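Participant: here is my input; please provide its structure:
(4 chains)
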There are 2 protein chains.
Amino acid sequence: MRTTGLDHAAPLFAALGDETRLALVDRLCSGGPLSITHLTAGTAVTRQAVTKHLRILADAGLARDSQRGREHIWELDTARLAEVRGYLDQISQQWDQALDRLKIFVEE
Amino acid sequence: MRTTGLDHAAPLFAALGDETRLALVDRLCSGGPLSITHLTAGTAVTRQAVTKHLRILADAGLARDSQRGREHIWELDTARLAEVRGYLDQISQQWDQALDRLKIFVEE
DNA sequence: AATTTGCGCAACTAATTAGTTGCATTTCTT
DNA sequence: AAGAAATGCAACTAATTAGTTGCGCAAATT
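Facilitator: Next up, the predicted model:
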């Protein structure tokens, strides 16, 4: 089996592979650090569901929280995001090469 | 709820969010069109499992197959891949902006 | 013609996942 | 001090998922 470094990428994609979670990431991107209750307001699900999804994002290293008083403020993990960017670029690059290769296939 | 166009992205990420499937994509990228049996050779799972995973990739629009004799040759869907690239770029861009914004938060 | 090869179909299991509800705890507000 | 707000913990359900095995069929091989 080839070792492309993409081995660790699957859990990250999986973490992003849920509408609710992707919406949370989206809101954290554009809305900055937010509390759980605040984040829940934008979704159709329960606060508990949101909490679980945030936990999953945290396990994937995509987000982290800090307690301030009774609130838990969630934000995206910038370092991890940069890492994910790396994966995305790598995959994109690989795909580009694949597209080129397929193009050649078609043309010849 | 904001409409960023990322709504359709979740199923794509989900399709990529499995090690076995990501490995299949990887092999289809570098190995070109391959039959199911041939693809199975590279994995630790059954042919049936591979078939199911390919079906999932197909449902996500990432791959498609064509029958030639008794063999089913699978290949990546280039148009769809380009579309996914678009999503990735969009998300990356959004994340970059988020990173910049967070940077400002930290600095001020 | 007989055998091997590549594959689909179907039924089943075990594990995971997304979601809920109910209750307890801590912190803030009045 | 009393009540409201923000959250965690736990138990539970329903649906999905990753995987298997067994069988049958059509296409290639010998």
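
Participant: so residue A:61, which of the three states?
Facilitator: Judged by DSSP: H, G, I helix; E, B strand; the rest coil, the three-state class of residue A:61 is coil.

Participant: so how far is chain B from it?
Facilitator: 14 Å (Cβ to the nearest Cβ, to the nearest Å). (Glycine included, C-beta is placed from N, CA and C.)

Participant: that residue touches residue A:76, doesn't it?
Facilitator: No. Counting by Cβ atoms under 8 Å, residue A:61 stays clear of residue A:76, with 10.2 Å between them.

Participant: the two - which one has more neighbours?
Facilitator: Using other Cβ atoms under 10 Å in any protein chain shown as the criterion, residue A:61 and residue A:76 rank with residue A:76 on top: 21 against 17.

Participant: next, the contact list for the closest residue to DNA strand C within chain A, please.
Facilitator: Of the residues in chain A, the one nearest DNA strand C is residue A:69, at a distance of 2.3 Å by Cβ to the nearest atom of the strand. Counting by Cβ atoms under 8 Å, 6 or more residues apart in numbering or on different chains, residue A:69 makes contact with nothing.

Participant: ok, now how distant is it from residue A:32?
Facilitator: 18 Å (Cβ to Cβ, to the nearest Å).

Participant: just want the most central residue of chain A.
Facilitator: residue A:16 (4.4 Å; Cα atoms, centre = their mean).
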